[in-house]
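S.K.: whatever this is, show me its structure:
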Amino acid sequence: MNKRSASGFTLIELVVVISILAILSGVLVPRVTNHLKAARDARRLADIKSVRNAVEQYYMDKGAYPAANANSSFGGWDVSNDGDFIRVLRDEGYLEEDAADPINDATFHYRYYVYAKGSYGCVSSQDYYVLGVRAFESDDFATKNKGFFQCSGRDWNSEFAFVTGGGASLK
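M.R.: Numbers count the residues shown, from 1 in each chain. Below you'll find the predicted structure:
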């Protein structure tokens, strides 16, 4: 008579359980990852709208847009991962906290630039600004959330996942 100990699992039982867990994780991990990407993209859009409102309020109070500190590594744009323009808005009380891209690296960041009036064929009586989200992680989110800023001499829509600006219009 073969007596088996009731206190352990057989090798086959362990392999079956591990296989089931692997299959479940293979199905669930991509869904969770997609939800995390979408959540980060939604945060990017909310941040850029808050920054735009802060820039506009700054202009109404001070009569000029916050200076953009050129970062030569990013084509002269002031970028959120060095934080200069956002820090000014926060320190002056226009933002409650820093608005930083959830990843905030060379690919995922916010960009800001102040152009001289009339640049790129934009009609303006003063300098104007362009503010954009460099990239979204989800193609679906990017398709549904396009910003717009374009003048006769330049189309920033092709340079950003989401772009906005103020102080100028198309000629």
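S.K.: so residue 66 versus residue 95, what's the distance?
M.R.: 11 Å (Cβ to Cβ, to the nearest Å). Backbone N, C-alpha and C define where each C-beta goes, glycine included.
S.K.: overlap of the contact sets of these two?
M.R.: residue 89 (Cβ atoms under 8 Å, 6 or more residues apart in numbering).
S.K.: and the pLDDT at residue 53?
M.R.: As predicted, residue 53 sits at a pLDDT of 97.
S.K.: okay, now it: neighbour count?
M.R.: Residues within reach of residue 53, counting by other Cβ atoms under 10 Å, total 13.
S.K.: next, it: secondary structure please.
M.R.: helix (DSSP: H, G, I helix; E, B strand; the rest coil).
S.K.: residue numbering should commence at 43 henceforth.
M.R.: Yes, from this point I'll number from 43; that puts the last item at residue 95.
S.K.: would you map the helices across the protein?
M.R.: 53-104, 126-133, 181-186 (DSSP state H).
S.K.: do you know which of those lies nearest residue 195?
M.R.: Shortest distance between residue 195 and those, using Cβ to Cβ, is found for helix 53-104: 22.1 Å.
S.K.: so what does the closest one touch, helix or strand wise?
M.R.: helix 126-133, strand 152-157, strand 170-175, helix 181-186, strand 204-208 (3 or more Cβ pairs under 8 Å, 6 or more residues apart in numbering; DSSP states H and E).
S.K.: could you identify which of these is most buried?
M.R.: For those, average neighbour numbers computed from mean count of other Cβ atoms under 10 Å are highest in strand 170-175, which has a mean of 25.
S.K.: picking that back up, quick one: closest of the helices of the chain to residue 155.
M.R.: Closest to residue 155 of the helices of the chain, according to Cβ to Cβ: helix 126-133, at 9.3 Å.
S.K.: mind giving me the packing neighbours of that closest one?
M.R.: helix 53-104.
S.K.: and the residue most central in space within the chain, how far from residue 67?
M.R.: In the chain, the centroid-proximal residue (Cα atoms, centre = their mean) is residue 86; its distance is 3.6 Å. Using Cβ to Cβ, we find residue 86 at a distance of 28 Å from residue 67.
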